[in-house]
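Kindly return the folded structure for what I paste below:
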Amino acid sequence: MWSTVLPVKRLSAAKSRLRGALPGVAHHDLALAVTLDTVAAVLSCPLVDRLYLVTDEPLVTDAATRLGARVLPDRPDQGLNAAVGHGAAYALGRGARRVAALTADLPALRPDDLAAALAAAADRAAAGDARAYVADAEGTGTTLLAATGADLDPRFGPGSAAAHAATGAVPLGGGWPSLRRDVDTPADLATAAGLGLGPRTTVLLTARTA
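Numbers count the residues shown, from 1 in each chain. Have a look, this model is predicted:
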């Protein structure tokens, strides 16, 4: 089983390139829906036993706690990778051996895609590769970083796939389209809608197009 970490920015600062993607829908409502659909999918994955969100956003804290996630304050307050490291250290301190970090912008995520990727990461760990990652649909970013018996050493951000590879993490080559489709732009959101969005994001999209 895996402990998972999701870093989440304050909604006012999150997903700036998505601003205006759904005219008439407040940006913080869209950012919240995308985050919570990601949270719900992770919690539904049969290989995940704990989910830690690292955030100082009250709306996310309240809603994610009701869904069953554990929320940690972003005490480092030094950006994405510091938040991931904080959550991973917390999980390891409570006995976790397998820890994975995901981006919180995967509103089409299917629990079975995540389970398949985590199983593949466990297989690679058994073969001696302690750290593995899943690149995004464009092949340049990272949507999942997993470690077994090792520090995550996160390098999320622009060019993170190459950055993770440079630290010795191995790429996982499965298809898993819903896991690879992070949402940064309106075009990404349209592609994710074609895969099937989670219920919260679907409600906003449906209300906009009705």
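
residues near the residue nearest to Ala135 when sequence neighbours are not counted, how many?
Distances taken as Cβ to Cβ, 6 or more residues apart in numbering put Ala161 closest to Ala135, at 4.2 Å, once the chain neighbours are dropped. The C-beta positions use only the backbone N, C-alpha and C, and glycine is treated the same way. Neighbour count of Ala161, defined by other Cβ atoms under 10 Å: 20.

so Ala161 is in which element?
Ala161 is located in helix 160-166, with elements delineated by DSSP states H and E.

For the helix or strand bottoming out on mean pLDDT in the chain, name the packing helices and strands.
Ranked by mean pLDDT, DSSP states H and E, the helix or strand of the chain with the weakest confidence is helix 199-209, at a mean of 86. In terms of contacts (3 or more Cβ pairs under 8 Å, 6 or more residues apart in numbering; DSSP states H and E), helix 199-209 is packed against helix 27-43, helix 186-195.

Touching it from outside, list them.
Contact partners of helix 199-209, identified using Cβ atoms under 8 Å, 6 or more residues apart in numbering, comprise 22-25, 29-30, 32-34, 36-37, 40, 107, 189, 192-193, 197.

Just the mean pLDDT for stretch 22-42, thanks.
Stretch 22-42 carries an average pLDDT of 94.

Sorry, wrong one. I was asking about stretch 2-18.
90.

Any buried residues in that stretch, and which?
2-9, 11, 14-15, 18 (16 or more other Cβ atoms under 10 Å).

and which of those is nearest Leu145?
For these, the residue nearest Leu145 by Cβ to Cβ is Val5; the value is 9.2 Å.

For burial, what's the neighbour tally of the closest residue to Val5 other than its chain neighbours?
If the residues on either side of it in the chain are set aside, Val5 comes closest to Gly87, at 3.5 Å by Cβ to Cβ, 6+ apart. Gly87: 29 surrounding residues under other Cβ under 10 Å.
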